[in-house]
Every structure is written in C-alpha cells, then in structure tokens.
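Asker: Quick one: sequence plus predicted model below, questions after.
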Amino acid sequence: MASTPSAHVVTLVHAEGCHLCESARRVIEGVRGEVSFELEEVDITGDEELEARYRERIPVVLVDGEEAFTYFVTPDGLRRRVEP
C-alpha cells in the first residue's frame, strides 16, 4: 500500500533510560494528536552500528528520513515539518 504524499514519517531514535528521549516522545505524541503522521521508533540499545552513529546525540528525530532534531524536539518545529 503506497502512502499519500502528505503522510509524513517521523522516526524517533532512542535508547532505554534516556530522559531526553522520553521528553522527545511526549512532544511527538502531543503533536501527533493534532497532525496525522506515521511514527516509527528505533531503539539503538545493543546495536553496535546504531550506538556508534547515534549514542552521543540521542534523541535524534528524523522526518521522512532526514534528521530534523537532535537532543530536543520543539512542538512548533515538528508541526512545521509535518503539517500538510
């Protein structure tokens, strides 16, 4: 099934026990209550390649595969990225 052009995909790259990741998830879920988009989560815990790539920068949020936020997600910034 093909997604519509206006359907964005937001990916949260996170790790267990990361308080900034939990904060980012709350912001994402809050915006998701206002604007429709697909949410994917990637847990880097235990994956050597992902740990090396992201550990020092998590949470990392990608919108449609492009890095959009590191460490902190702002509701207004995310909204601008995903609004149709």
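Answerer: That came in fine, so what should we check first?

Asker: so Ser36 touches Arg79, yeah?
Answerer: No. The criterion here is Cβ atoms under 8 Å, and Ser36 misses it with Arg79 at 11.9 Å. For the C-beta atoms, the positions are set from N, CA and C on the backbone; glycine is no exception.

Asker: intersection of neighbour lists for the two?
Answerer: Shared contacts of Ser36 and Arg79, defined by Cβ atoms under 8 Å, 6 or more residues apart in numbering, are absent.

Asker: what's across from Phe69 in the sheet?
Answerer: Beta bridges link Phe69 to Val61, judged by DSSP bridges.

Asker: gap between it and Gly46?
Answerer: Going from Phe69 to Gly46 by Cβ to Cβ, to the nearest Å gives 23 Å.

Asker: Those two - which one has more neighbours?
Answerer: Phe69 (20 against 9; other Cβ atoms under 10 Å).

Asker: what's the longest helix seen in the chain packed up against?
Answerer: Under DSSP state H, the helix in the chain containing the largest number of residues is helix 19-32. Counting contacts by 3 or more Cβ pairs under 8 Å, 6 or more residues apart in numbering; DSSP states H and E, helix 19-32 packs against strand 9-14, strand 38-43, helix 75-82.
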